[in-house]
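In: need a 3D model of the following:
(chains A, B and C)
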Amino acid sequence: MTYILYIAMSFLILGLIISAIRFVKGPTAGDRTVALDTLTTIGVAGLVLLAYVFGRFIYVDVALVYAVLGFIGVIVIARYLEGAL
Amino acid sequence: MENLTLSDKLSRFILNWFFLMIVWIAFTSSFSGQELIVGVITTMVISLLSISMFTCCTLAILSPIRIVYMLWYFVVFFVALIQSNFDVARRVLSPSLPINPGIVKFKTKLTTNYSKMVLANSITLTPGTLTVDVIDDTFYIHWIDVKTTDPEKAFTEIAESFEKILLKIF
Amino acid sequence: MEILEIIGGILILIGSAFLFLGALGILRMPDVYNRLQAGTKATTLGAMSLIIGVGFLEPSWMMKSIIIVVFIAFSNPISSHALARAMYKRKRYPIIKSEDKDMDAYIEVFQQEEEEVKS
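Out: Have a look, this model is predicted:
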């Protein structure tokens, strides 16, 4: 079980690093926002996994709030880029 | 706002109350008396205030045959979601990036806004397609591997299996 | 008990692998729309699978896991749709490999608007 968690964690960290590279490189604001969306989703999944590793239920609530806030953030940025805000 | 009869309003109110109560129980994940009482009062006030906003459907949506169709829709959608993930994995992992992107359009027979929203979200999660815009009954779809630019053939390829079930639900 | 742990472990592995593939997709794809395609699909199923897997490992968390999964399944397509439309309205047209003119059907909406402004 421990090894499965190690493997999953390393996949998540690699994913975070790769999307952070796209976040820095991204030629336009849209590319950066896509990277931000991916970072948020991976972060939510990572928080739920950490909640299991540390055995703390409260981290799952943190993940839920982070998912809601990340979604609202991406929608606001998209509306701003569209010129409708 | 269209004119609503009293039974329409009542039916929407009860449906909203029911779903908000389910969400409340899932959020608190406890069945103790105090939480349930607060939940009943809060969800009742919210659904009273939002009768004119959540106009999705009436209590008729809970008829058994529609629930069977909803479960069937869920199965179809889930199979398509898994297929699309293996599709993405194949494209991302192959060294030559086999893509041929383009935007196609097609017309749908759905009329209500909520069913169009469900169809657009499903199309985004199915293999190789992404909804770019919905104007009236025309869907504009970004397709990662365009097979045809003809609207009707694109419709059969992308959306027909979902729309058949959605027409029966809504 | 044992069987639940096995199912949960497998789901967590699949989920983390798909999350990684989604991140790889947004790094490798050539333009915004293709990045959205890869990013949205792979991360949605990846996060769903991983969170349900944790729910199998701790059955008392299942309720909350399902709430997060339903929310992610609803919100990810909506945000990608909003981003795709915003980028098109900022005139970042998708790259098209073939010579066919009909490949970009969406541009007709904007051409109509321009003609209305001119006339």
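In: state the distance from A:A20 to A:L36.
Out: 10 Å (Cβ to Cβ, to the nearest Å). Placement of C-beta: from N, CA and C, glycine included.
In: between the two, which one's more packed in?
Out: More crowded of A:A20 and A:L36, by other Cβ atoms under 10 Å in any protein chain shown: A:L36, with 19 against 14.
In: pretty sure that one contacts A:R22?
Out: No: using Cβ atoms under 8 Å, A:L36 makes no contact with A:R22, being 9.7 Å away.
In: return the nearest residue of chain B with respect to chain C.
Out: B:G102 (3.5 Å; Cβ to the nearest Cβ).
In: pretty sure that residue contacts B:D145?
Out: No: between B:G102 and B:D145 there is no contact under Cβ under 8 Å: 9.0 Å.
In: domain boundaries for chain B, per the record?
Out: By the assignment in automatic domain parsing, chain B contains the domains B:6-61, B:63-169.
In: highest average neighbour count across the ones you listed?
Out: domain B:63-169 (a mean of 17; mean count of other Cβ atoms under 10 Å in any protein chain shown).
In: does that one reach chain A?
Out: No: counting by Cβ under 8 Å from any Cβ of the partner chain, chain A is not contacted by domain B:63-169; separation bottoms out at 11.0 Å.
In: tell me where chain B has strands.
Out: B:102-107, B:129-135, B:138-143 (DSSP state E).
In: redo those as TSV? Include mean pLDDT and distance to B:I14.
Out: TSV is the format used below for these (pLDDT from 0 to 100; distance: least, Cβ to Cβ, whole Å):
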stretch	mean pLDDT	distance to B:I14
strand B:102-107	83	35
strand B:129-135	86	30
strand B:138-143	85	33
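In: who wins for proximity to A:R56 among those?
Out: strand B:129-135 (37.0 Å; Cβ to Cβ).
In: what's around C:F18, how many residues?
Out: 27.
In: now do the SS call for it.
Out: helix (DSSP: H, G, I helix; E, B strand; the rest coil).
In: quickly find the element holding the closest residue to it other than its chain neighbours.
Out: Excluding its sequence neighbours, the residue lying closest to C:F18 (Cβ to Cβ, 6 or more residues apart in numbering or on different chains) is C:G46, at 3.4 Å. Taking DSSP states H and E as the criterion, C:G46 maps to helix C:32-57.
In: show the contacting residues for the closest residue in space to B:W72 that isn't next to it in sequence.
Out: Distances taken as Cβ to Cβ, 6+ apart put B:I165 closest to B:W72, at 6.2 Å, once the chain neighbours are dropped. By Cβ atoms under 8 Å, 6 or more residues apart in numbering or on different chains, the contact set of B:I165 is B:Y69, B:W72, B:Y73, B:V76.
In: separation between the second one and B:K168?
Out: As judged by Cβ to Cβ, B:W72 and B:K168 stand 9 Å apart.
In: which ones are touching A:I42?
Out: A:L12, A:G15, A:L16, A:S19, C:L19, C:G22, C:A23, C:T43, C:A47 are the contacts of A:I42 under Cβ under 8 Å, 6+ apart.
In: immediately after whichever strand or helix holds it, which helix or strand?
Out: Assessed by DSSP H and E, A:I42 sits inside helix A:29-54. Using DSSP H and E, the next helix or strand after helix A:29-54 towards the C-terminus is helix A:58-82.
In: excluding chain neighbours, what is closest to C:R90?
Out: Per Cβ to Cβ, 6+ apart, closest to C:R90 is A:L81, 6.0 Å.
In: so how many other residues sit close to that neighbour?
Out: 21.
In: any idea how far it is from C:M87?
Out: Distance from A:L81 to C:M87, by Cβ to Cβ: 7 Å.
In: anything in contact with each of those two?
Out: If you check A:L81 and C:M87 against Cβ under 8 Å, 6+ apart, the residues they both contact are A:G30.
In: can you name the residues that contact the residue nearest to C:P30 when sequence neighbours are not counted?
Out: Nearest non-adjacent residue to C:P30, counting by Cβ to Cβ, 6+ apart: C:I95, 6.0 Å away. Going by Cβ under 8 Å, 6+ apart, C:I95 touches B:P101, C:P30, C:D31.
In: which stretches in chain C count as helices?
Out: For chain C, applying DSSP state H gives helices covering C:2-28, C:32-57, C:62-89, C:107-118.
In: and the longest one with strand B:102-107, angle?
Out: Helix C:62-89 runs at 110 degrees relative to strand B:102-107, counting by axes from the mean of the first three to the mean of the last three Cα atoms, to 10 degrees.
In: flag every buried residue along helix C:62-89.
Out: C:64-65, C:67-69, C:72-73, C:75-88 (16 or more other Cβ atoms under 10 Å in any protein chain shown).
In: I'm done for today, thanks for sticking with me.
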